[in-house]
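Asks: Sequence and predicted model, in that order:
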Amino acid sequence: MAAYQLLIIGGGLSGIAAGIRAARFGLKTLILEQHNLPGGLNSYYFRQGRLLETGLHAMTNFAPAGAKQAPLNRLFRQLRLSRKQFEVHEQLGSEIRFAGRSLLFTNNIKVLEESIAAEFPGAIDRFRLLRQAIAAYNPFASAPWRSARSFLSGHLRHPLLADMLLLPLMIYGNAEEHDMDLGQFVIMFRAIFEEGFFRPGATMREFLDLLVQQFHEFGGELRYRCPVAAVETDGDRVVGVRLSSGERLTADTVLSTAGMPETMRLAGWEGDQTQYVGRMSFMETISFVPRATMASLAPDRTIIFYHHGPRLAYQRPDDLIDPTWGVICFPGNFSGLSPEDSAQIRVTNAASYLLWKGLAAGAYGVAKEQWSRAAIAASEEIIGNYCASIVYQDSFTPVTIERFTRKAQGAVYGSAIKVRDGATPWGNLFIAGTDQGYLGIVGAMLSGITIVNQHVLR
Amino acid sequence: MSREEIKDVLLEIIADIDEEADFASLDTDAPLRDQLDLDSMDFLDIVMELRKRYKLQIPEEEYPQLATLTSCIDYLEPKLQTV
């Protein structure tokens, strides 16, 4: 008999959610995490006594507690967590600034509609029809790839408005360059524009603690600092894993959340790994400024998506980063949060993994400093100057992301090719998380849940 | 288990799954899913919980017999006779 009924590689959101499902129904479950903290792409770290979050700008898919069919509330029921007791803070309002034009949106889509009516009066009727078409589309039915761009241009006949709507949806959840699968577009449109942004109370640490505690409550085991070195196979079955320490663990079923390329490597899976390596990664520049400085910058904005050029070029940049477009997020600007002494400004820009990876150790530090300054300067053009007031600043690159999460080339949204059913050539090895399909915090957790429901519990 | 006991167990399982569940106006002969606004994932949880508690294997083709509270009790009564 195997030591575990389910062994999960990776203690990120998809792994923990999968673990909660399995443990809840009595399966002997172990999660193996290489890092000393949970969370994967959405984790946290400490610098000079400050807690810094990694992935999370905001959670998407906001829904009030009573809306039973909303993805957020389905998620809570599946994890058997109380939605009523879960503290949420909705966004104040976000903005898309694109080549001198501006659109506002909140968790009430009427605000976006009014904003489009004011900025592009000729397009508002078409936008309303677009919303109807999106509401009628089932993104979960299996369908061949369809271009979101053609869908948008067909409905809107307005390239600038189409680009402006695509900007936040791509930055927050598109693995492919230039275009987006229509199904993914519909999921993201609903998650961001129809439902909206919120934050849990406190930080990512408390949210992860809640999940890990629930996993332990159901009898699950979680081991940190346990990198998996190989998935061990025997014919068409996997038998368990070997850790970097040499320790071997056997399992009836193994679920990998390390992404396709890494899973292929671990299992010795013959095939072209490169097709599963995503090209989109990002550099994140985090600055702390005094509360008074923050108040003068963008007191009523939660997230600003900005783009200077005339046409959206969502792609891996030719330079280390591309500061001409990106996201500026103010994690303190959600409703009902008590103000802190210092406030954070987070700037995210597309970055080239290969160029960062190619730098020598000394040059890497210099480049990080130089490009952080460029990212801050680009954001100052949008929100005003704050560089001189920064009390603490840190940044991370695609190389950092890869090291801590094993996501090949730091591709936070994984590959453009998704393995929807989570299946592998081995009957008892499955994939969950970014490369299975759903993205974002809510999406990652639903991925873990879905794969366990389909393949492990039935 | 008596029919009354089975009913109590089912309501307890549903209440655990859904903190919003309201049984006050529940029609025992109308589909549970529609009345409680549950989805197929919630429904699977009822089946899983029964399996965990009573080692009951309910094949997927028999799920339709669990549509209403009364049909659930009818279906479970012979299976839980000795519990």
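Replies: Sure thing, it's come through.
Asks: For the rest of this, base every contact and every neighbour count on C-alpha atoms.
Replies: Fine.
Asks: what's the pLDDT at the closest residue to B:D22 other than its chain neighbours?
Replies: Distances taken as C-alpha to C-alpha, 6 or more residues apart in numbering or on different chains place B:L36 nearest to B:D22, at 7.3 Å, with adjacent residues excluded. For B:L36, the pLDDT comes out at 90.
Asks: Tell me how many other residues crowd B:L36.
Replies: 16 (other C-alpha atoms under 10 Å in any protein chain shown).
Asks: Does it touch B:A24 like I think?
Replies: No - using C-alpha atoms under 8 Å, B:L36 is not in contact with B:A24, being 11.2 Å away.
Asks: Any regions of the chain where pLDDT drops low?
Replies: Here I'm looking at chain A. The model of chain A has no residue with pLDDT under 70.
Asks: oops, chain B please
Replies: Using pLDDT under 70, nothing in chain B is flagged.
Asks: List the residues that contact the residue nearest to the spatial centre of it.
Replies: Geometric centre of chain B, nearest residue: B:L10, 4.6 Å, by C-alpha atoms, centre = their mean. By C-alpha atoms under 8 Å, 6 or more residues apart in numbering or on different chains, B:L10 lies in contact with B:I46.
Asks: Same question for A:I401.
Replies: A:L41, A:K407, A:G410, A:V412.
Asks: Now do the strands in the stretch 151-300 of chain A.
Replies: A:198-200, A:221-223, A:228-234, A:237-243, A:248-256, A:281-290 (DSSP state E, counting those that start in this stretch).
Asks: Which residues of chain B lie near chain A?
Replies: B:16-20, B:37-39, B:41-42, B:48-49, B:52 (C-alpha under 8 Å from any C-alpha of the partner chain).
Asks: which residue sits closest to A:V88 in space, ignoring its chain neighbours?
Replies: In space, A:V88 is closest to A:P200, 4.6 Å off (C-alpha to C-alpha, 6+ apart).
Asks: separation between the one you found and A:I16?
Replies: In this view, A:P200 and A:I16 are 17 Å apart by C-alpha to C-alpha, to the nearest Å.
Asks: These two - which one has more neighbours?
Replies: A:I16 (30 against 16).
Asks: Which elements pack onto the strand or helix carrying the more buried one?
Replies: Using DSSP states H and E, A:I16 sits in helix A:13-24. Counting contacts by 3 or more C-alpha pairs under 8 Å, 6 or more residues apart in numbering or on different chains; DSSP states H and E, helix A:13-24 packs against strand A:4-9, strand A:29-32, helix A:204-217, helix A:440-451.
Asks: one more time with 7 Å
Replies: Applying 3 or more C-alpha pairs under 7 Å, 6 or more residues apart in numbering or on different chains; DSSP states H and E, one finds that helix A:13-24 contacts strand A:29-32, helix A:204-217, helix A:440-451.
Asks: quick check: angle from the last one to helix A:13-24?
Replies: Taking axes from the mean of the first three to the mean of the last three C-alpha atoms, to 10 degrees, one finds helix A:440-451 and helix A:13-24 inclined to each other by 40 degrees.
Asks: ok, and does helix A:440-451 reach over to chain B?
Replies: No - Helix A:440-451 does not reach chain B (C-alpha under 7 Å from any C-alpha of the partner chain); its nearest approach is 8.8 Å.
Asks: Would you agree A:E284 is in contact with A:S395?
Replies: Yes - with contact defined as C-alpha atoms under 7 Å, A:E284 and A:S395 form a contacting pair (5.4 Å).
Asks: All the helices of chain B, in order from the start?
Replies: Per DSSP state H, chain B carries helices over the ranges B:3-17, B:32-36, B:40-54, B:69-79.
Asks: Chain B contacts on the stretch 301-450 of chain A?
Replies: Residues of the stretch 301-450 of chain A lying near chain B (C-alpha under 7 Å from any C-alpha): none found.
Asks: closest one to A:V241 among the helices and strands packed on helix A:13-24?
Replies: Minimum separation from A:V241 across these (C-alpha to C-alpha) falls at strand A:29-32, 10.0 Å.
Asks: Contacts for the closest one next, please.
Replies: With contacts defined as C-alpha atoms under 7 Å, 6 or more residues apart in numbering or on different chains, strand A:29-32 is touched by A:4-11, A:19, A:22-23, A:220-224, A:226.
Asks: From what I see, A:H178 and A:L312 are in contact.
Replies: No - in this structure A:H178 lies outside contact range of A:L312 using C-alpha under 7 Å: 8.0 Å.
Asks: The helix or strand hosting A:T400: how far from the chain's middle?
Replies: Using DSSP H and E, A:T400 sits in helix A:398-405. Put simply, helix A:398-405 sits 14 Å off its chain's centre (C-alpha atoms, centre = their mean, to the nearest Å).
Asks: What of stretch A:440-448?
Replies: Using C-alpha atoms, centre = their mean, the mean C-alpha position of stretch A:440-448 is found 9 Å from that of the whole chain.
Asks: which outside residues touch the host helix or strand of A:I345?
Replies: Taking DSSP H and E as the definition, A:I345 sits inside strand A:342-351. For strand A:342-351, contacts defined as C-alpha under 7 Å, 6+ apart pick out A:280-291, A:294, A:316-317, A:320-323, A:325-332, A:375, A:398.
Asks: swap the cut-off to 6 Å and go again
Replies: Residues outside strand A:342-351 that contact it (C-alpha atoms under 6 Å, 6 or more residues apart in numbering or on different chains) are A:281-291, A:320-323, A:326-330.
Asks: Which helix or strand lies directly C-terminal to that strand?
Replies: Next element after strand A:342-351 (DSSP H and E): helix A:353-357.
Asks: So for that following helix, what gets flagged as buried?
Replies: Within helix A:353-357, the residues scored as buried using 16 or more other C-alpha atoms under 10 Å in any protein chain shown are A:Y353, A:L354, A:L355, A:W356, A:K357.
Asks: what's that helix in contact with?
Replies: Contacts for helix A:353-357 (C-alpha under 6 Å, 6+ apart): A:L320, A:P398, A:Q409.
Asks: Keeping just the C-alphas, turn the next helix or strand after it into CSV.
Replies: Remark: after helix A:353-357, the chain's next helix or strand is helix A:361-383, criterion DSSP H and E. Listed next in CSV are the C-alpha coordinates belonging to helix A:361-383 (Å, rounded to 0.1, in the frame of the first residue of the first chain):
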residue,chain,number,x,y,z
ALA,A,361,25.4,38.3,-11.2
GLY,A,362,26.9,41.8,-10.9
ALA,A,363,25.1,43.1,-14.0
TYR,A,364,21.8,41.7,-12.7
GLY,A,365,21.8,43.9,-9.6
VAL,A,366,22.7,47.0,-11.6
ALA,A,367,20.0,46.3,-14.2
LYS,A,368,17.4,45.7,-11.5
GLU,A,369,18.1,49.1,-10.0
GLN,A,370,18.2,50.8,-13.4
TRP,A,371,14.9,49.3,-14.6
SER,A,372,13.1,49.8,-11.3
ARG,A,373,13.9,53.5,-11.7
ALA,A,374,12.5,53.4,-15.3
ALA,A,375,9.3,51.6,-14.0
ILE,A,376,8.9,54.3,-11.3
ALA,A,377,9.5,57.1,-13.8
ALA,A,378,6.9,55.7,-16.2
SER,A,379,4.3,55.5,-13.4
GLU,A,380,5.1,59.0,-12.3
GLU,A,381,4.0,60.3,-15.7
ILE,A,382,0.6,58.9,-14.8
ILE,A,383,0.1,59.6,-11.1
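Asks: Hey, what's the angle from helix A:361-383 to strand A:281-290? Just curious.
Replies: Using the same axes, to 10 degrees: helix A:361-383 against strand A:281-290 is 70 degrees.
Asks: got the angle between the helix or strand just after helix A:361-383 and strand A:281-290?
Replies: Later in the chain than helix A:361-383, the nearest helix or strand by DSSP H and E is strand A:392-396. Orientation check (the same axes, to 10 degrees): strand A:392-396 against strand A:281-290 gives 170 degrees.
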